[in-house]
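Can you look at this prediction? I've put the sequence above it.
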Amino acid sequence: MRFPSTRFGRAIRKLIKSERGAVYTEAAMTLPFFIMIWAFMIFSHKLVYQKITNNALAKGCTWHYALSSCGENPAYPALPASCGGTTFSTAPPAEWNDSSVTAFIREVPFIGDIVLGKASYGTRSASVAKPNYIGGGNRSFDARHSMSCNERPKTIGDLLSNIWSLFSGLF
């Protein structure tokens with residue numbers, strides 16, 4: 001049996017079959033998702049860029065500090081201004097769990113410094129702001145480098161002092 005075709009029935013069938021506005025609906029649903037993806041990509045780029053820059057600065061500053069005999073050589077030029085946020089020490093950071101032979105040698109009194117030399121440890125911290133839609137705040141990270149210190153240049157006085165202590169120890 002066929003239903004009579006009325007103007008109201010035709011309008012309803014036409015509305016149901018119509019796809020008008022579907023593109024706008026899809027755009028309204030997917031556009032926020034794509035904006036979030038792009039914002040996350042920009043944040044990731046900033047984070048990686050900052051990590052690479054921070055790592056390069058920490059490495060350069062640690063090299064400079066180690067070449068100056070870990071700050072004991074006054075003849076070596078002072079640290080550049082870009083090294084302002086880098087901290088240096090001659091003891092490894094507490095977070096470094098080094099269970100290698102190097103750590104064992106360093107634990108033996110005075111032999112570790114003779115075999116391996118004094119070490120310089122440089123640490124530099126930085127942070128990048130997180131977008132608000134993933135929690136906001138900052139993402140902090142550290143860059144750490146270590147290097148053996150250059151020996152302090154020896155003077156004639158050092159040489160004579162070493163010879164005197166050698167001979168005085170014999171008698």
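Sure thing, it's come through. Everything numeric in this text was worked out from a predicted model, so none of it was measured. Numbers count the residues shown, from 1 in each chain.

ok, which stretches of this structure are helices?
Under the criterion DSSP state H, the chain contains helices at 7-17, 22-67, 101-107, 111-116, 156-170.

Distance-wise, check the closest residue in space to Glu151 that isn't next to it in sequence relative to Tyr76.
Closest residue in space to Glu151, ignoring its immediate chain neighbours: Ser69 at 6.5 Å, by C-beta to C-beta, 6 or more residues apart in numbering. Where you see a C-beta, it was placed from the backbone N, CA and C, and this is true even at glycine. In this view, Ser69 and Tyr76 are 7 Å apart by C-beta to C-beta, to the nearest Å.

and the nearest residue to Leu67 once chain neighbours are set aside, what is it in contact with?
Spatial nearest neighbour of Leu67, chain neighbours left out: Asn150 (5.2 Å); criterion: C-beta to C-beta, 6+ apart. Contacts of Asn150 were listed using C-beta atoms under 8 Å, 6 or more residues apart in numbering, and they are 66-70, 73.

switch to 10 Å and redo it
65-70, 72-73, 76, 117-118, 120 (C-beta atoms under 10 Å, 6 or more residues apart in numbering).

Lovely, talk soon.
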